[in-house]
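Visitor: model this:
(2 chains)
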Amino acid sequence: MNNKEFIAELAQRLASTQKQTTALTNALARIISDNLREGNDVALGNLGNLCTKAKEQRIIVNPKTRNRMLVPPKIVAEFHPSRSLKEKCK
Amino acid sequence: MADKIKISAIVDLLSAECNVSKSDAAQFVSAFQTLFEEILLRDKILKINDIGTFRVEETKPRRSVDINTGQTIEIPSHSRITFTPAASLATAVNSDLAHLTTFDLDMDTNTDTPMTEPTPNDAPLQRLTSDAIGIRSLLDEIQNVPEAAPSDTEPEPQPEAQPEPSPKEETKPRHDTPADTDTAVVDGTAAVAAINREDNRGMRTSNAFWLSVAAVLTLLIIGIVVWNNRDFFSPTPSSAPITVTDTITASAAVTDTMPVKSEEPDEAESLDEIPQTYIDTATLREGSRLTLLALKYYGHKDFWVYIYQANRDIITNPNDIKTGTRLRIPKMPEHLVDPNSTEALQYARQLKDEL
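Guide: Now for the predicted structure:
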């Protein structure tokens, strides 16, 4: 389901306008983004955690030219689903 | 840093940011959670703007081994949840390290790091390289003076005996000329060669003589080449004066070999005679390539460069050789054509690049 459908459904359940729901969802996204940037983990209750992980720099080789490239370290966002959500997925 | 933001904190922040009551915010968050879960389980995919895409992915059943019992077990098919952060979230999270970019390491090593590399692990390769330079010149000489080829097999003991042969070399031709008196020969110089060429009847006897002369001269040249390489390798003070005398004899040798070279190879040597330095001759058939020959004789296709070098007089374009061409397969020192040695392979490729 895409974002539009999700918000429509959410608005219907909350008996709220789509505009209001969109604003809240965007605010939630902003909160998540800001906290992850600062290195904080975000717990989404019974869904799981969003957290960041630092990836080491690494060397890759272009198979065609055999040139070695150094990929710099980076920080990526990860989602760790909760145990209950994992169980339901099975 | 590394705090954990709980649902309650999210509710507080939401209510502050959107000017809604805390109860509304809490209601929103709980509805968000239940709907999130519901839709993810139903649709297997859920995309939320500025956060990312959540997916439920099926993993196929696979076999594994129980580490305790050692028995093969089957891990059944199951689902797992994956998360792909949205581009905006990914860049926001990585903003501290965003200035770092991927760069090409090999472009750098080409320009400024070659000095650091050779010391630890290039020593054996260097040895290979200098060996191969000698072998290369050997191959060249084999092509020019094929009769002398058998003597090429023992270039190693030569350098020790190097200082002595220089006088011998000068005496030998003079010593041998009397044996040649039935032909109209006076001196062991270029004039002899010219006269000899005209005198076809004395060819058979003189052939043997010139053969030996050619053998001695090529031995000398090889010796000089090897000797010079030695110097290059480990420069010792004692070797310096010797090389000076060597180079002098070398120049003498060159003038002597000129007529010999022009006279001998075309007449006596044909492809039917395989010098000992060649393992075999191979006739190129339809669909056959240099790489296939290399694979057959040396065990790896990358060694085709050596075959090419030994047959440079025949082959103009290594990618386009006429079928039926007879190629000589040179005998190579084993460490140079060892398919298990990465250095040998590396060197062969380097040679290929030079060609």
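
Visitor: for the rest of this, base every contact and every neighbour count on C-alpha atoms.
Guide: Fine.

Visitor: which residue is the nearest non-sequential neighbour of residue 43?
Guide: Answering for chain A, as no chain was given. Leaving aside its sequence neighbours, residue A:43 sits nearest to residue A:49 (CA to CA, 6 or more residues apart in numbering or on different chains; 4.4 Å).

Visitor: um, chain B though
Guide: Closest to residue B:43 by CA to CA, 6+ apart is residue A:1, at 6.4 Å.

Visitor: one more: residue A:80?
Guide: residue A:49 is the one closest to residue A:80 (CA to CA, 6+ apart), at 5.1 Å.

Visitor: from the contact counts, what lies against the worst-scoring helix or strand of chain A on mean pLDDT?
Guide: Using mean pLDDT, DSSP states H and E, the weakest-scoring helix or strand in chain A turns out to be helix A:83-89, at a mean of 87. The elements that helix A:83-89 packs onto, with contact taken as 3 or more CA pairs under 8 Å, 6 or more residues apart in numbering or on different chains; DSSP states H and E, are helix B:22-43, strand B:78-85.

Visitor: all strands for chain B, in order.
Guide: B:4-5, B:45-48, B:52-59, B:62-65, B:72-75, B:78-85, B:103-104, B:278-283, B:326-330 (DSSP state E).

Visitor: my bad, should have said chain A
Guide: A:41-43, A:48-55, A:58-61, A:68-71, A:74-81.

Visitor: so which of the ones you listed is the most surrounded?
Guide: Among the strands of chain A, judged by mean count of other CA atoms under 10 Å in any protein chain shown, the one packed with the most neighbours on average is strand A:41-43 (a mean of 24).

Visitor: in chain A, what residue sits furthest out from the centroid?
Guide: Here the centre of chain A is the reference, and by CA atoms, centre = their mean the most remote residue is residue A:65, at 34.9 Å.

Visitor: look up how far residue A:6 lies from that residue.
Guide: For residue A:65, the distance to residue A:6 equals 45 Å [CA to CA, to the nearest Å].

Visitor: and if you look at residue B:219?
Guide: Residue B:219 is 87 Å from residue A:6, by CA to CA.

Visitor: what does residue A:63 give?
Guide: Applying CA to CA, the value for residue A:63 to residue A:6 is 42 Å.

Visitor: the two: who's more crowded?
Guide: A count of neighbours by other CA atoms under 10 Å in any protein chain shown puts residue A:6 above the other of residue A:63 and residue A:6, at 19 against 8.

Visitor: now do the contacts for residue 13.
Guide: Assuming you mean chain A. residue B:31 (CA atoms under 8 Å, 6 or more residues apart in numbering or on different chains).

Visitor: the intended chain is chain B.
Guide: residue A:31.

Visitor: pLDDT wise, what is it at?
Guide: On the pLDDT scale, residue B:13 is placed at 89.

Visitor: distance check, it against residue A:41.
Guide: 15 Å.

Visitor: ok, residue B:12 - contacts?
Guide: B:22, B:25.

Visitor: 10 Å instead, please
Guide: By CA atoms under 10 Å, 6 or more residues apart in numbering or on different chains, the contact list for residue B:12 reads B:20-23, B:25-26.

Visitor: same thing with residue A:69?
Guide: A:58-62, B:102-107.

Visitor: hmm, back to that, which one, of the strands of chain B, ends up nearest to residue A:83?
Guide: For residue A:83, the closest of the strands of chain B is strand B:78-85, at 11.3 Å, according to CA to CA.

Visitor: okay, the closest one in PDB with CA atoms only?
Guide: Provided in PDB are the C-alpha atoms of strand B:78-85 (Å, rounded to 0.1, in the frame of the first residue of the first chain):
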ATOM      1  CA  HIS B  78       9.400 -18.100   6.400                       C
ATOM      2  CA  SER B  79       8.900 -14.400   6.100                       C
ATOM      3  CA  ARG B  80      11.000 -11.500   7.300                       C
ATOM      4  CA  ILE B  81      10.400  -7.800   7.400                       C
ATOM      5  CA  THR B  82      12.800  -5.600   5.500                       C
ATOM      6  CA  PHE B  83      13.100  -1.800   5.600                       C
ATOM      7  CA  THR B  84      14.400   0.400   2.900                       C
ATOM      8  CA  PRO B  85      14.800   4.000   4.200                       C
END
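
Visitor: show residues contacting it.
Guide: So strand B:78-85 is contacted by A:50, A:76-81, A:85-90, B:40-41, B:44-61, B:90-91, B:93 (CA under 10 Å, 6+ apart).

Visitor: any buried residues in that strand, and which?
Guide: B:79, B:81-85 (16 or more other CA atoms under 10 Å in any protein chain shown).

Visitor: can you check stretch A:16-35 too?
Guide: Within stretch A:16-35, the residues that count as buried by 16+ other CA under 10 Å are A:18, A:21-22, A:24-33, A:35.

Visitor: and chain B, which of those contact it?
Guide: Contacts with chain B within the buried residues of stretch A:16-35, counted by CA under 10 Å from any CA of the partner chain: A:21-22, A:24-33, A:35.

Visitor: now, which of the residues you listed sits nearest residue B:223?
Guide: Proximity of these to residue B:223 (CA to CA) peaks at residue A:33, which lies at 74.5 Å.

Visitor: ok, the residue nearest to the closest one when sequence neighbours are not counted to residue B:95 distance?
Guide: Closest residue in space to residue A:33, ignoring its immediate chain neighbours: residue B:89 at 5.8 Å, by CA to CA, 6+ apart. From residue B:89 across to residue B:95, the span is 10 Å (CA to CA).

Visitor: which of the two has more neighbours?
Guide: Each of residue B:89 and residue B:95 has its neighbours counted (other CA under 10 Å); residue B:89 has more, 24 against 13.

Visitor: so residue B:56 bridges to which residues?
Guide: Residue B:56 forms beta bridges with residue B:81, as assigned by DSSP bridges.

Visitor: what is the neighbour count of it?
Guide: 21.
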